[in-house]
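K.L.:
take this sequence and fold it.
(one chain, ligands or ions: 1)
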Amino acid sequence: MVKARSSTARPERLSRRRFCGAVGVGVGAAMVAGCGHREAAPARVTGAPFEPKAPSALRSTLYEKLWSSKRVLEEPGFPTVLYVDLHLVHDDTSAQAFEAIRRRGLRVHRPDRTVATIDHTISTEAPALPHPNPSTQALIDAMRANGRKNRLRLYDVGSGKQGIVHVIGPELGLTQPGMSIVCGDSHTSTHGAFGALAFGIGTTEIEQVLATQSILQWPSKTCEVRVDGALPRGCTAKDVILAVLAKVEIAGGTGHVFEYRGSTVRALSMEGRMTLCNMSIEAGARAGMIAPDDTTFEYLAGRELAPKGRAFDEAVRRWRALATGDEARFDKSVELDASALEPMVTWGTNPGMGAPISSRVPDPASPPTAGAREAVARALDYMGLCPGDPLVGRRVDVVFLGSCTNARLSDLRLAADLLRGRKVKARRVLVVPGSQQVRRASEAEGLDRVFLDAGCEWREPGCSMCLALNGDEVLPGEYCVSTSNRNFEGRQGRGARTFLASPLTAAASALAGHLDDPRRWML
Ligand code: SF4
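P.N.:
Here you go, the predicted structure:
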């Protein structure tokens, strides 16, 4: 059982021998050698909560405070062993890791801190029925069996709380400030919106965390992403992050953790903040974070698994102290004037290839380097776009309103406001709520009727067309406006061409049957 808890969970002692023994397979050789020849030593620092200590608190960033509080073992020249407060697992990436620890006679070290759902491969049409694809059904069966065998809390289809892993964590109150959170999905950075250190991990690392509740990590540098100004009409958190990505480009955040700051960020709802942090990985950043504040605490108050009563008040006192100190220095800084934004859309094959909706398809001859020129040319070739053409007016066949980036209640409300009383022209418009709770809340407000009356499909929760593993696919050569987070070649199906955009731009394009500016449709 997962108990209501905060990051004040009792520190855990983890010996060097236990960690190295448990993760011997798949750990870098240097780390194994570094551990294997020494006596077991007690953990130096554990997963204890951060307690502010002047003056270092004043000089530390949010990331540095989190990193410092999660260190278990550290020695020069080797990655740090970090404690993991919450491990989220799902059907797509966990089966191999569960099998690996089973073969080695290990068990899940902290079942109470390991939470599972079924989202990546689940059908959004008939999730309770066996999946028509047997290999997909095998992944779902494996998740169910591993959940049962290891006594994990599994949010399955019948739970009433199933959904995309990065949607249900926050809505259940599992995600809390000051936590370290990992999951076998790149967009785990979503949880950083709460002031958690959250990042995606690979199969070998899932195995490490299952066996030890810890993970090997090198520290990252810090990057302040400062966004100031009031968001103009038609702009949302998605437009902010697409503009940030267009500015820093695909590898601009490599080796860094982003901390989003500034008046625009502070004014965003928690759902908007999650959209922002979600896509940090698309700049190559290890994680994205936002310091918790009253907006965070109001969101968490009363959530099922958040602390209650005095424990909540005590947690808020600690959480406030996580904010970056006034004298802290970032390794680098990026600034964006939100008041100058307009709705953004991608034209290429990575999320950094984006531009304002009123602009034109770029000229491959424009970038300053040969590599960049080649990348633009290749992207335009795949997308079938001509340099100099206006972005507005490009054909749209499919619209996907979903994913852990933009399938929360506020996203669906935005789209429904534009669609109400109108009919879509796109061939297919798929609306996939992020969770069963989002679906129920939407139906209580009548949003499902708005979507259905407009000619959209109203589906059950899941990752769906974000990565097209469940059968929801864009056909070869078709164009899709997607509120998801990746527009890589083939991401939404073989030969599919993806324009990433906000729910507003997606709804406007669904109505027009081509890329369109949402401001044209706003009353
Ligand atoms: S919606 Fe997409 S990015 Fe989000 S968890 Fe699912 S597959 Fe990953």
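
K.L.:
mind pulling up the phi and psi values for Gln217?
P.N.:
Main-chain torsions, Gln217, degrees, to the nearest 10: phi -150, psi 140.

K.L.:
shouldn't it be in contact with Tyr83?
P.N.:
No. Proximity of Gln217 to Tyr83 does not meet the contact threshold set by C-beta atoms under 8 Å, at 10.6 Å. (C-beta placed from N, C-alpha, C; glycine too.)

K.L.:
isn't Lys247 up against Leu336?
P.N.:
Yes. If you go by C-beta under 8 Å, Lys247 and Leu336 touch, sitting 6.5 Å apart.

K.L.:
the more surrounded of these two?
P.N.:
For Lys247 versus Leu336, neighbours defined as other C-beta atoms under 10 Å are more numerous around Leu336 (22 against 15).

K.L.:
hang on, the more buried one is in a strand, isn't it?
P.N.:
Yes. Residue assignment for Leu336, taken from DSSP: H, G, I helix; E, B strand; the rest coil, places it within a strand.

K.L.:
the residue nearest to it when sequence neighbours are not counted and Arg373, how far apart?
P.N.:
Of all residues not flanking Leu336 in the chain, Val227 sits nearest, at 4.7 Å (C-beta to C-beta, 6 or more residues apart in numbering). Here Val227 is placed at a distance of 30 Å from Arg373 (C-beta to C-beta, to the nearest Å).

K.L.:
more neighbours, the two?
P.N.:
Set Val227 next to Arg373 and count neighbours by other C-beta under 10 Å: Val227 wins out with 26 against 15.

K.L.:
what residues does the stretch 301-450 of the chain put near the ligand?
P.N.:
Contact residues, the stretch 301-450 of the chain versus the ligand (C-beta under 6 Å from any ligand atom): 403-404.

K.L.:
pick out the residue of the stretch 301-450 of the chain closest to the ligand.
P.N.:
The stretch 301-450 of the chain approaches the ligand most closely through Cys404 (3.3 Å), counting by C-beta to the nearest ligand atom.

K.L.:
which secondary structure element is home to the closest residue to that residue other than its chain neighbours?
P.N.:
Using C-beta to C-beta, 6+ apart and skipping the chain neighbours, the partner closest in space to Cys404 is His166 (3.8 Å). According to DSSP states H and E, His166 maps onto helix 165-172.

K.L.:
coming back round to it: pLDDT score assigned to the residue of the stretch 301-450 of the chain closest to the ligand?
P.N.:
We have a pLDDT of 98 for Cys404.

K.L.:
pretty sure it is in a helix, no?
P.N.:
No. Secondary structure of Cys404 (three-state DSSP): coil, not part of a helix.

K.L.:
could you chop this protein up by domain?
P.N.:
16-217, 221-340, 344-520 (automatic domain parsing).

K.L.:
so what are the sheet partners of the longest strand along the chain and their directions?
P.N.:
Counting residues, the longest strand in the chain under DSSP state E turns out to be strand 221-228. Pairing partners of strand 221-228, with direction, according to DSSP bridges: strand 256-261 (parallel), strand 332-337 (parallel).

K.L.:
may I have the phi/psi pair for Ala426?
P.N.:
Backbone torsions of Ala426, given as degrees, to the nearest 10, read phi -60, psi 150.

K.L.:
alright, I will stop here.
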